[in-house]
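**Student:** Requesting a structural model of the entry that follows:
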Amino acid sequence: MAETETPQTQPAAAEPPSMLEDIIKSIYTPGVNSGLLSFLLLVFVALFVVLGSMAILMEFNIHVLVMLLLATGLAVSLVWFLKELQAVNRSEAAAEASPDQKPATETRPVDSAKADKVD
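**Tutor:** Below is the predicted model of the structure:
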């Protein structure tokens, strides 16, 4: 009887998670991960394509142009907010890594003569 060789499975290389996996994981973890940010930008690009094509097909109707302007404002403000959030998270992580440094904001002593003066 011929021996049959069983294929040996080798451990799979760690693959980066897909965008869908990142979106599902972001539900259970605080903050915004790269997959969710990529998906959000993809949705905004699709929105701009739809509104741009509607503007062309409807001969630049004022209502569609206003919607395009509002969508642009929303996208810009959301991207700005997420970048500020990432900057705050990085600064908090740096502060936790080196707790012996002074805080970034300095407090000045209050002059008691000026503080007691009421207008």
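
**Student:** so what does the helix or strand hosting residue 67 touch, helix or strand wise?
**Tutor:** Here residue 67 sits within helix 62-97, counting by DSSP states H and E. Here helix 62-97 touches helix 34-57, going by 3 or more Cβ pairs under 8 Å, 6 or more residues apart in numbering; DSSP states H and E. For the C-beta atoms, the positions are set from N, CA and C on the backbone; glycine is no exception.

**Student:** ok, and for the helix holding residue 67, which residues are buried?
**Tutor:** Neighbour counts using 16 or more other Cβ atoms under 10 Å place 64, 67, 68, 71, 75, 82 of helix 62-97 among the buried residues.

**Student:** any chance of these in a markdown table, plus pLDDT and distance to residue 26?
**Tutor:** A markdown table is the format used below for the buried residues of helix 62-97 (pLDDT from 0 to 100; distance: Cβ to Cβ, whole Å):
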| residue | pLDDT | distance to residue 26 |
| --- | --- | --- |
| 64 | 96 | 32 |
| 67 | 97 | 28 |
| 68 | 96 | 28 |
| 71 | 97 | 23 |
| 75 | 94 | 19 |
| 82 | 88 | 12 |
